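Give me a 3D structure for the following:
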Amino acid sequence: MHTEDQALRIIVMGVSGCGKSTLAQGLSQTLQLRMKDGDELHLPESVEKMRAGVALQDEDRWPWLDRIAQYLTATEGSHSPGGIVACSALKRIYRDRIRKQAGPVLFLFLDGHPELIRQRMQQRVGHYMQAGLLDSQLQTLEKPTPDEHDVITLSIDQPVAQILQQALANLKTPTLQALP
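You can find the predicted model right below:
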């Protein structure tokens with residue numbers, strides 16, 4: 001999928017609690033790519049809103065999406081551009097904004113039953129994203145459509161190791177290697 005002159009840029013996407021950070025970390029270790037949890041790129045005022053149980057609006061997300069694209073295109077230390085970001089990317093316009101600014105990106109969409117995700121969120125300790133905000137994320141979510149050729153959907157109804165193996169296998173498919 002990538003060459004020396006084209007950096008591999010991956011967004012692990014889905015609603016909060018679906019396992020984005022876990023999969024992104026596994027991919028980062030396996031592929032030896034730098035990784036950033038998209039939560040770290042939110043503006044402080046957005047984090048405070050989420051901590052208070054207030055759902056973010058598009059206006060809150062634009063600077064965040066821009067920072068994600070910048071991370072994927074920036075050279076950091078000894079690292080070349082590219083890498084992996086765990087980021088919800090709930091709407092098509094969010095994914096399109098990242099694509100426009102970062103160039104070719106592969107999105108891995110973690111999809112699963114809302115009750116499984118809610119259960120996982122309730123078991124998390126110390127995360128500012130409250131389980132009560134899951135409903136607003138599910139309402140906001142625009143699942144990727146077939147014309148989004150750079151998106152691979154992975155079911156979260158299986159062990160993390162299996163999801164990681166499926167993601168890695170999909171990185172090797174001829175269709176993805178032909179992406180611009």
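
In this structure, which helix is the longest?
The longest helix of the chain (DSSP state H) is helix 58-73.

Can you name every helix or strand that that helix contacts?
strand 9-13, helix 44-51, strand 83-86, helix 92-102 (3 or more C-beta pairs under 8 Å, 6 or more residues apart in numbering; DSSP states H and E). The way it works is simple: take the backbone N, C-alpha and C, and place the C-beta from them, glycine included.

Highest mean neighbour count out of those?
Most buried of those by mean neighbour count (mean count of other C-beta atoms under 10 Å) is strand 9-13; its value is a mean of 28.

Next secondary structure after it?
Next along the chain after strand 9-13, taking DSSP states H and E as the criterion, comes helix 20-31.

Run through who's touching that following helix.
Outside helix 20-31, the residues within contact range by C-beta atoms under 8 Å, 6 or more residues apart in numbering are 8, 10, 12-14, 33-35, 37-39, 83-88, 108, 110, 154, 160, 163-164, 167-168, 171.

could I have that helix exported to PDB, CA atoms only?
The C-alpha trace of helix 20-31 is given here as PDB (Å, rounded to 0.1, in the frame of the first residue of the first chain):
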ATOM      1  CA  LYS A  20      -9.700   2.100  18.600                       C
ATOM      2  CA  SER A  21      -6.700   2.800  20.900                       C
ATOM      3  CA  THR A  22      -6.100  -0.800  21.500                       C
ATOM      4  CA  LEU A  23      -6.100  -1.700  17.800                       C
ATOM      5  CA  ALA A  24      -4.000   1.300  16.900                       C
ATOM      6  CA  GLN A  25      -1.400   0.400  19.500                       C
ATOM      7  CA  GLY A  26      -1.200  -3.200  18.200                       C
ATOM      8  CA  LEU A  27      -0.800  -1.900  14.700                       C
ATOM      9  CA  SER A  28       1.800   0.600  15.800                       C
ATOM     10  CA  GLN A  29       3.900  -2.100  17.500                       C
ATOM     11  CA  THR A  30       3.500  -4.600  14.600                       C
ATOM     12  CA  LEU A  31       4.200  -2.100  11.800                       C
END
